[in-house]
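In: Need a 3D model of the sequence below.
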Amino acid sequence: MGHVAIYALMVIVPAVGLDAEAVDIRGLIYLGIEIFPPRETRTAFMRASEEWHATLGWIFGLLVLGDIAMAVGWHHLIKRDCSLERMSG
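Out: Okay, the predicted model is just below:
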């Protein structure tokens, strides 16, 4: 379940971030190309998109750290199966 959540958030977090940029008052310009034009005013939807992006980003980061901690705890300390050595090269 943890890996499914990590992979889902790898898609959802950037999508919500792009959504937040699409309705931002600054717009989005990438490599000199205007992707999203700037908006006149800030709306509640803009703030909600930014908050969701930030919250989901933190959840994603915590899931990644939890996955690392589980790998170290389970494979290195409990099972002692040398998986970490094989994964790290």
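In: which other residues reach the helix or strand of the chain with the lowest mean pLDDT?
Out: Of all helical and strand segments in the chain, the minimum by mean pLDDT, DSSP states H and E falls on helix 83-88, at a mean of 76. Contact with helix 83-88 is made by 71, 72, 75, 76, as judged by CB atoms under 8 Å, 6 or more residues apart in numbering. For the C-beta atoms, the positions are set from N, CA and C on the backbone; glycine is no exception.
In: now the helices for the chain?
Out: 2-22, 44-70, 83-88 (DSSP state H).
In: Can you point out the buried residues in the first one?
Out: So the one you mean is helix 2-22. Buried residues in helix 2-22, counted by 16 or more other CB atoms under 10 Å: 9, 12, 13, 16, 17, 19, 20, 21.
In: same question, the longest one
Out: Taking 16+ other CB under 10 Å as the basis for neighbour counts, the residues of helix 44-70 that come out buried are 46, 49, 50, 52, 53, 56, 57, 60, 63.
In: so what does it touch, helix or strand wise?
Out: Contacts defined by 3 or more CB pairs under 8 Å, 6 or more residues apart in numbering; DSSP states H and E place helix 44-70 against helix 2-22.
In: May I have the residues that are in contact with residue 43?
Out: Neighbour list for residue 43: residue 23 [criterion: CB under 8 Å, 6+ apart].
In: And it, its phi and psi?
Out: phi -120, psi 170 (degrees, to the nearest 10).
In: Pull up the gap between it and residue 53, please.
Out: Distance of residue 43 to residue 53, given as CB to CB, to the nearest Å: 15 Å.
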